[in-house]
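Visitor: Quick one: sequence and predicted model below, then my questions.
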Amino acid sequence: MRADTDEQAEATLAARVDLAVQGVRWDAPVRRSKGAGPSDDGHVVIDGANAALPLNPESPYTIRDGRVFNDRLDLGLSVEPVARPRFYDLTTADGVPYQQIALLHGRDVLATTVVQTCIRYAEDQRCRFCAIEESLRAGSTVAAKTPAQLAEVAEAAVRLDGIRQMVMTTGTTAGPDRGARHLVRCVRAVLAAVPGLPIQVQIEPPGELSVLADLHEAGATSVGIHIESLDDEIRRQWLPGKSTVPLAEYEAAWDEAVRVFGRNRVSTYLLIGLGEDPDDLVAGAARLIDRGVYPFVVPMRPMLGTLARRDGAETPPPALVADVTGRVARLLRTAGMTGADQGAGCAACGACSALSAAGG
């Protein structure tokens, strides 16, 4: 019986990874493109879990009748499209469409980039997989969201659409806090309007580590401090601006964040497919877990507007993603760490990774 269960789990993980890499041919009711996240994706619930799947007209997979198919082969996965939320139809008191302030991710996550510009967005500095300013150029968002706007949108999203958590990220700003202090104000405003809403904040390591305590005191549930790769050579190649922040600063910020927020309330993205040796990537994930930091492993998917897409970068092979994801998930299970225990954020949502399908 155990062997059958293990084989079924491996088959499910393989299917979820292939979908995460190859995407689906489908017209998703809720989608996002451009921005700071990992893909041009449509949002669904697969077997009860959030999933953000690339919308790819060349994919062998499609969705119909609540199932995923490869041609006529039913993959055995139930799929529920995420419905367009009602808060998208509203406008703020100062005249901005709610959808330009925050977006629905998965079925119950409100996500916003509070500052849609980044000091590292010049071509020789920008992260090659990031398109944070492209949605601004397209007119689908505003450059800076005010605390009052975010509070108004969050209250409506919770009341009308059952939002259960919120993610606030930011482009890096020029000050020593790198944008964290504006997040403090935003968290306070949202929680004044919606007391108890779990919120994750996402920042670069702040030059002033004391701001981490300020974020926690404001009411943030968890924090993401995203490095994307632990290999300095790869960081210089893929993240030329961010790579000027040395690994030692990340380590200091992670350790202080764990001290303030607690073990498994701190996370970092690790991208699969940047060229890092998979054994090194998994070993780095193990070191993060030892620190109390959740390594959110995600395939690199070159989306529209990125330098990676322009230069012909390809998504990693599904077999590589499944291997790394499965190994990291086993490490997390051994350590007693799950994404759901983050309370809020990317790991708690799980849509952009297959870690939750692998038991992490």
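Guide: It's in.
Visitor: Which residue ranges of this protein form helices?
Guide: 2-22, 134-137, 147-161, 180-193, 210-218, 232-238, 247-261, 278-291, 307-310, 318-335, 346-349 (DSSP state H).
Visitor: Out of these, which is closest to L75?
Guide: Smallest distance to L75 across the helices of the chain (Cβ to Cβ): 5.1 Å, for helix 2-22. (C-beta placed from N, C-alpha, C; glycine too.)
Visitor: got the contact list for the residue nearest to G339 when sequence neighbours are not counted?
Guide: Spatial nearest neighbour of G339, chain neighbours left out: A347 (3.6 Å); criterion: Cβ to Cβ, 6 or more residues apart in numbering. Listed by Cβ atoms under 8 Å, 6 or more residues apart in numbering, the contact set of A347 reads S267, Y294, F296, G339, S353, L355.
Visitor: export these to JSON lines and tack on pLDDT, neighbour count and distance to G162?
Guide: Shown next, in JSON lines, are the contacts of A347 (pLDDT from 0 to 100; neighbours: other Cβ atoms under 10 Å; distance: Cβ to Cβ, whole Å):
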{"residue": "S267", "pLDDT": "98", "neighbour count": "27", "distance to G162": "24"}
{"residue": "Y294", "pLDDT": "98", "neighbour count": "31", "distance to G162": "25"}
{"residue": "F296", "pLDDT": "97", "neighbour count": "27", "distance to G162": "24"}
{"residue": "G339", "pLDDT": "95", "neighbour count": "22", "distance to G162": "20"}
{"residue": "S353", "pLDDT": "91", "neighbour count": "30", "distance to G162": "23"}
{"residue": "L355", "pLDDT": "92", "neighbour count": "24", "distance to G162": "24"}
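Visitor: Distance to A180 for those - can I get that in TSV?
Guide: Below are the contacts of A347 laid out as TSV (distance: Cβ to Cβ, whole Å):
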residue	distance to A180
S267	16
Y294	19
F296	20
G339	23
S353	25
L355	26
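Visitor: Specify which member of those is nearest to C130.
Guide: F296 (15.9 Å).
Visitor: Confirm for me that the closest one is in contact with V266.
Guide: No - in this structure F296 lies outside contact range of V266 using Cβ atoms under 8 Å: 10.8 Å.
Visitor: Return the backbone torsion pair for the closest residue to T173 other than its chain neighbours.
Guide: Excluding its sequence neighbours, the residue lying closest to T173 (Cβ to Cβ, 6+ apart) is G179, at 4.2 Å. Per-residue torsions, G179: phi 110, psi -10 (degrees, to the nearest 10).
Visitor: And G179, how far from Q22?
Guide: G179 sits 34 Å away from Q22, going by Cβ to Cβ, to the nearest Å.
Visitor: Show me which of these two is the more surrounded one.
Guide: When G179 and Q22 are compared for neighbours, G179 comes out ahead with 23 against 19, by other Cβ atoms under 10 Å.
Visitor: Run a quick check on the more buried one versus T172, I expect a contact.
Guide: Yes - G179 is in contact with T172 according to Cβ under 8 Å; the separation is 6.0 Å.
Visitor: Overlap of the contact sets of those two?
Guide: Joint contacts of G179 and T172 (Cβ under 8 Å, 6+ apart) are E204.
Visitor: In contact with Y269, which residues?
Guide: G224, H226, I227, E228, F296, V298, C346.
Visitor: residues contacting the fifth one?
Guide: With contacts defined as Cβ under 8 Å, 6+ apart, F296 is in contact with G224, S267, T268, Y269, L270, G339, C346, A347, S353, L355.
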